[in-house]
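Student: 3D model of this:
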Amino acid sequence: MSAPTSTSAPTAHRRDILRLAVPAFLALIAEPLFLLADSAIVGHLGTAQLAGLGVASGALVTAAGIFVFLAYGTTSVVARHLGAGDDRAAIGAGIDGLWLALGLGAVTATVTAVAARPICAAFGASPDALEQATTYLRISALGLPAMLVILAVTGVLRGLQDTTTPLVASVAGFGANIALNVAFVYGLHWGIAGSAWGTVIAQTGMAAGLVAVLLIKARARHARLRPHPARVLVAARTGVPLLVRTLALRATLLVTTWVAASLGDVPLAAHQVAMTMWSFLAFALDALAIAAQAITGRALGAGDREGVRLAMGTMVRWGVWGGLAMGLVVAALHSVLPALFTNDPAVREALGAALVVVGLGQAVAGYVFVLDGVLIGAGDGRWLAWGMVLTFVAYLPVVLAVRATGPSGSAARDVVVLWLAFTVFMVIRGAGLWWRARRDEWMVVGAR
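Tutor: Sure thing, here's the model as predicted:
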């Protein structure tokens, strides 16, 4: 499908956005929904297990999340080649990203598994929570190569304007994850280790299916399949700015979890579920960001700057209103949702209070995620890297003040204050993206 021209009707842009965003939305919410199910499954084992899952999942998501450029960077490059009319080069760039993902995944898995205990200990959780976290992280590390392969292939497919295949893979893979986790945790009584094994098996199956789809597309276009060291290194170098951006973002989330751990097991357990809920909402809103990446990259590849501005305006409006609507639903259900995740009355109370703040901050999140997606699609990685680093630096005094204050004696109050601090981070991030998006320097046209 060719990029909309500058004279295309606004309805054409809206159809294009919906064609990409709806399957992306369903695929993206599938993952956090199943992560929420994991939290519910493990949460009913006990508070220590839930707190341990919070620590381990924070470390695991960081280990995989820092390489999200495998998806984002690949989407931009592949979409630009597609917009320029070179399908074979588009697939070739995707194959380079796949080989890079395999190499990075093997190294990351080894380091994470070997250093699982000191990594979890760095969060400062209680001894009981530390044991649970170490068990989960050591096993789950085996799935890291598959996680990175999924990122890379998903990025290729998005760049090719295909968000339906990742949806099918997500539903199948994470559906299997729930079934396996219930069987292993409750059927075989493996505890938190059962949840980790279920996740590893499901992720490996997802990766295998997505790679098979990419290989079929590559053969149809006679694209090269063997790794070429120079091209793989180019792919790695292209991803460095986005890696820096992601490291700064993950540092923000890790510091926030570290502060939560300093407040005690109850605030940490409540924060873990609240962060999972925030991630669920973020994934839902990220559907527009995914569409923004694909549409922006393709349009700039075809030289259509006006189309980029038109689509960006539509997606920003949808992001803000969508975030507001979802956030109000979460805030309205803040007294109902906690019972799904824990039997501990103290954790329920703290989580309910946190969810009000999580919900009310979603309009800002919708704005942030869409503009982030537009700039990623444009390949504006260097600015995104510096912008996120500066945002993290500005956030540090705010979140460290929460830690310095220490536990107040009310877990609900402590978690609310922590989430208010995190909302400040999102506001700072939004202000920077607004400043950049209103300028024109990032709209570089052509395949590059």
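Student: drop to CA atoms for contacts and neighbour counts, all remaining ones
Tutor: OK.
Student: quick one: residue 299 and residue 83 touch, right?
Tutor: Yes. Assessed by C-alpha atoms under 8 Å, residue 299 is found in contact with residue 83 at 6.3 Å.
Student: now residue 420: how far from residue 326?
Tutor: Applying C-alpha to C-alpha, to the nearest Å, the value for residue 420 to residue 326 is 18 Å.
Student: ok, now residue 430?
Tutor: Residue 430 is 19 Å from residue 326, where distance means C-alpha to C-alpha.
Student: what's the burial count for residue 225?
Tutor: Residues lying near residue 225 (other C-alpha atoms under 10 Å) number 16.
Student: sec struct for it, please.
Tutor: Using DSSP: H, G, I helix; E, B strand; the rest coil, the secondary structure recorded for residue 225 is coil.
Student: for it, give me phi and psi.
Tutor: Backbone torsions for residue 225, taken as degrees, to the nearest 10, come to phi -110, psi -30.
Student: what is the neighbour count of the nearest residue to it once chain neighbours are set aside?
Tutor: Using C-alpha to C-alpha, 6 or more residues apart in numbering and skipping the chain neighbours, the partner closest in space to residue 225 is residue 95 (6.5 Å). The local packing of residue 95 (other C-alpha under 10 Å) involves 29 other residues.
Student: before we move on, what SS does residue 147 have?
Tutor: For residue 147, the assignment made with three-state DSSP gives helix.
Student: residues in contact with it?
Tutor: Applying C-alpha atoms under 8 Å, 6 or more residues apart in numbering to residue 147 gives the contacts 64, 105, 203, 204, 207.
Student: try residue 64
Tutor: 144, 147, 148.
Student: export stretch 68-86 to CSV, keeping only CA atoms.
Tutor: This file holds the C-alpha atoms of stretch 68-86, laid out as CSV (Å, rounded to 0.1, in the frame of the first residue of the first chain):
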residue,chain,number,x,y,z
VAL,A,68,13.3,-2.6,22.4
PHE,A,69,15.2,-0.7,19.7
LEU,A,70,15.2,-4.1,17.9
ALA,A,71,11.5,-3.5,17.3
TYR,A,72,11.3,0.3,17.1
GLY,A,73,14.5,0.9,15.1
THR,A,74,13.6,-1.9,12.7
THR,A,75,10.1,-0.6,12.2
SER,A,76,11.4,2.8,11.1
VAL,A,77,14.1,1.4,8.7
VAL,A,78,11.9,-1.2,7.1
ALA,A,79,9.0,1.3,6.7
ARG,A,80,11.3,3.9,5.0
HIS,A,81,12.5,1.3,2.5
LEU,A,82,8.9,0.2,1.9
GLY,A,83,7.9,3.8,1.3
ALA,A,84,10.8,4.2,-1.1
GLY,A,85,9.5,1.1,-3.0
ASP,A,86,12.4,-1.3,-2.2
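Student: can you list the buried residues in that stretch?
Tutor: For stretch 68-86, burial by neighbour count (16 or more other C-alpha atoms under 10 Å) applies to 68-85.
Student: what number of residues lie near residue 313?
Tutor: Residues within reach of residue 313, counting by other C-alpha under 10 Å, total 13.
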